[in-house]
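Participant: model this:
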Amino acid sequence: MRAIAAAQRAAIVVHRWLGVALCVLFFTWFTSGIVMLYHGFPEVTPRDRLAHAAPIDAARARISAESAFATYRATGALSLAVLETIDGRPAWRFSAAGADALYADDASPRRQVSEQTLRASAELWAGPNARFVRMTAMTVADQWTLEGALRTMRPLWKVDFSDGQEIYLNGGDASVVQATTSSSRAWAYVGAIPHFLYFAPIRRHRDAWRHGVIALSALATFGALLGVIIGLTRFSPRARFQRDGAPAHIPYPGTKRLHQMIGLTIGVVAVTWAFSGMLSLDPFPPRGPAAPGLLDVAAGALRLPPPDLAPFGSLTIADALHAAGPGVVRLQPALVLGEPMFVATFADGRERFVPLVGAASDSIGSARTIAALRANAGSGPLEVSVLDAYDTYYHDRAHPLPLPVLLVTDAIEPGSRLYVDPRTATEVGRFRPADWSERWLYHGLHSFDLPWLYQRRPLWDIVVILLLSGGVLLSTTSLILAWRVVRRWTIRRRNA
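Facilitator: Numbers count the residues shown, from 1 in each chain. Have a look, this model is predicted:
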């Protein structure tokens, strides 16, 4: 019994001082988590790029993809071929970065980007009501350009506008790579930035930031778990404790009692949130690449970049644009289910398919897609079914994914799932058994991505906000108790 009592006292001491060290962090996590339900970190998404893209002028698009590629780069493999509007002119782009471009009206290559071009690109994005203020060359990554490739992308230019918009452009091709507004920055400062400790002076040291956040999350998980254990051992259903001369379920008065009551209610959630948040940073050694399976073989029948642009010369670019209809912002040669055709994309994300022979259509179709998947899989035990509603592994709260989709499974690898949009013949989702930890230990525990709850809104919102609010109350009592501990310790030190 003495050993148990000593262990309990030690656990209380450790929990108390971990609470002193981490109470502010817990309070920040819970409060910023409420904000992040609806406001994330500012970013430029593919949807944003399409929405801000200018339609292609069919009358000026005279150079075929094959001719443009041969003119600009006589040797080398084709990595990408996309027709877009660049500098107000139709142009072929042959790399994802956008630097390798050739104008489709006179076959001239795009040369050095001028400051006037950069400003024009930013003004087009910002809109006609935004007034230009200044343009600045970025030599060091700031708060909004610390993510991914932005942290090392140079030259990078920032353009400020009078309405609070800040547009960041790649100096190599004048493409917009980041965009913020006064509102998105304000929400980020009370949401994503404190939640992930994304403060620029810290985030610039990427490895140190990552290891530091992992360590803090691990300590937070341990401290919260200790609190749950202590709370359970210091709770008596039979009221065996004494408080003010009367039997009590909890031996503590005041704020301590409230802290234990809230901890007994949502303490387990605090533990799982701290632990799953740590998993978002991949604290464990990465797994090796998975060996290609039957689903990978089947997916090879879907949309692919063409190895050769010669077949596309049978249809002029102007004719392809006219067949697709007005408003096309992107035209891309592709092999769709093995057939060469042009894929026309509109500003709202819709796609239209223009075969080299025959009429354009809005959909590839389930029958053709299923037949291609089965043909590519050969004699493999491939199962294909039509999914009309979201399931456990296929859904998205922010941007609804397309429905219906084809669910493709492999009997040899149970649990693997491939989701294919039959309208566009593209892969829109995938799940492997090796993804279990990310699906359940991260998304399941951190986002409450539970099948019976996640797809029911506003029920999901209500449950998560209530739990986060409980976490705010729990961390508020922690702040009060931590202040008292530090105050007593300070007084004792002063008296000593």
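Participant: alpha carbons only for contacts and neighbour counts from here, please
Facilitator: Will do.
Participant: which residues of this structure score low on pLDDT?
Facilitator: Applying pLDDT under 70 to the chain flags the ranges 1, 72-79, 96-100, 288-291, 399.
Participant: can you list the domains in it?
Facilitator: 1-39+187-290+459-496, 46-186 (automatic domain parsing).
Participant: In space, what's closest to Gly380 - neighbours in sequence excluded?
Facilitator: Computed as Cα to Cα, 6 or more residues apart in numbering, the closest residue to Gly380 that is not its neighbour in sequence is Leu294, at 6.9 Å.
Participant: can you give me the helices for the stretch 1-150 of the chain?
Facilitator: Ranges of helices in the stretch 1-150 of the chain, per DSSP state H, counting those that start in this stretch, are 2-36, 46-52, 65-72, 115-126.
Participant: What's the end-to-end length of stretch 123-137?
Facilitator: 16 Å (Cα to Cα, to the nearest Å).
Participant: Ignore what I typed, I meant stretch 121-130.
Facilitator: 13 Å.
Participant: ok, now stretch 394-409?
Facilitator: End-to-end distance (Cα to Cα), stretch 394-409: 14 Å.
Participant: contact partners of that stretch?
Facilitator: 295, 366, 382-390, 415-422, 428-429, 455 (Cα atoms under 8 Å, 6 or more residues apart in numbering).
Participant: circling back to that earlier point, for the residue nearest to Gly380, list the residues it contacts.
Facilitator: Ala377, Gly380, Leu382, Asp410.
Participant: Most neighbours of all those residues, which one?
Facilitator: The residue in these with the most neighbours, by other Cα atoms under 10 Å, is Ala377 (20 neighbours).
Participant: What separation do you get for the nearest residue to that residue once chain neighbours are set aside and Thr409?
Facilitator: What sits nearest to Ala377 in space, not counting adjacent residues and going by Cα to Cα, 6+ apart, is Ala298, at 4.9 Å. From Ala298 across to Thr409, the span is 10 Å (Cα to Cα).
Participant: wait, Ala51 sits on Asp348?
Facilitator: Yes. Under the criterion of Cα atoms under 8 Å, Ala51 makes contact with Asp348 at 6.2 Å.
Participant: quick one: buried residues of the helix or strand hosting Ser184?
Facilitator: Using DSSP states H and E, Ser184 sits within helix 182-190. Judged by neighbour count using 16 or more other Cα atoms under 10 Å, the buried positions of helix 182-190 are Ser184, Arg185, Trp187, Ala188, Val190.
Participant: Off-centre distance for stretch 199-218?
Facilitator: A distance of 19 Å separates the centroid of the chain from that of stretch 199-218, by Cα atoms, centre = their mean, to the nearest Å.
Participant: contacting residues around that stretch?
Facilitator: 141-143, 146, 193, 196-197, 274-275, 277-278, 281, 283.
Participant: What are the buried residues along that stretch?
Facilitator: Phe199, Arg203, Arg204, Trp209, Arg210, Val213, Ile214, Leu216, Ser217, Ala218.
Participant: what packs against the single longest helix found in the chain?
Facilitator: As assigned by DSSP state H, the longest helix anywhere in the chain is helix 459-495. Other helices and strands packing on helix 459-495, by 3 or more Cα pairs under 8 Å, 6 or more residues apart in numbering; DSSP states H and E, are helix 2-36, helix 254-279.
Participant: Give me the buried stretch members for it, please.
Facilitator: In helix 459-495, counting by 16+ other Cα under 10 Å, buried: 460-461, 464-465, 467-479, 481-482, 485.
Participant: So which residues of the stretch 51-200 of the chain form strands?
Facilitator: According to DSSP state E, counting those that start in this stretch, the stretch 51-200 of the chain carries its strands in the segments 82-86, 89-93, 101-103, 132-138, 156-161, 166-170, 176-180.
Participant: just the stretch 251-400 of the chain next, same as before
Facilitator: Using DSSP E, counting those that start in this stretch, strands in the stretch 251-400 of the chain cover 328-336, 339-346, 351-355, 382-387.
Participant: Nearest to Ala81, out of the ones you listed?
Facilitator: With Cα to Cα as the criterion, Ala81 lies closest to strand 328-336 of the strands of the stretch 251-400 of the chain, at 6.2 Å.
Participant: Could you pull out the buried residues of the closest one?
Facilitator: Val328, Val329, Arg330, Leu331, Gln332, Pro333, Ala334, Leu335, Val336.
Participant: Show me what that strand is packed up against.
Facilitator: So strand 328-336, by 3+ Cα pairs under 8 Å, 6+ apart, packs with strand 82-86, strand 339-346.
Participant: That strand versus strand 82-86: what angle between them?
Facilitator: 170 degrees (axes from the mean of the first three to the mean of the last three Cα atoms, to 10 degrees).
Participant: Tell me which residues are up against strand 328-336.
Facilitator: Taking Cα under 8 Å, 6+ apart as the rule, strand 328-336 contacts 50, 53-56, 81-85, 301-306, 309, 312, 321, 340-347, 425.
Participant: Could you grab the helix/strand/coil label for Glu427?
Facilitator: strand (DSSP: H, G, I helix; E, B strand; the rest coil).
Participant: Would you check how far apart the closest residue to it other than its chain neighbours and Asp106 are?
Facilitator: Nearest non-adjacent residue to Glu427, counting by Cα to Cα, 6+ apart: Val420, 4.5 Å away. For Val420, the distance to Asp106 (Cα to Cα) stands at 39 Å.
Participant: Mind checking which of the two has more residues around it?
Facilitator: Val420 (29 against 15).
Participant: Show me what the helix or strand encompassing the more buried one is packed against.
Facilitator: In this assignment (DSSP H and E), Val420 forms part of strand 417-421. With contacts taken as 3+ Cα pairs under 8 Å, 6+ apart, strand 417-421 sits against strand 405-410, strand 426-431.
Participant: on that earlier part again, tell me the most buried of the strands of the stretch 51-200 of the chain?
Facilitator: strand 89-93 (a mean of 27; mean count of other Cα atoms under 10 Å).
Participant: Off-centre distance for that strand?
Facilitator: That offset, for strand 89-93, works out to 29 Å (Cα atoms, centre = their mean).
Participant: That one - which strands sit beside it in the sheet, and in what orientation?
Facilitator: strand 82-86 (antiparallel), strand 101-103 (antiparallel) (DSSP bridges).
Participant: Reformat those strands into JSON lines and put distance to Thr255 next to each item.
Facilitator: Formatted as JSON lines, the strands paired with strand 89-93 follow (distance: least, Cα to Cα, whole Å):
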{"stretch": "strand 82-86", "distance to Thr255": "63"}
{"stretch": "strand 101-103", "distance to Thr255": "66"}
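Participant: Leu22 is nearest to which of those strands?
Facilitator: strand 82-86 (50.5 Å).
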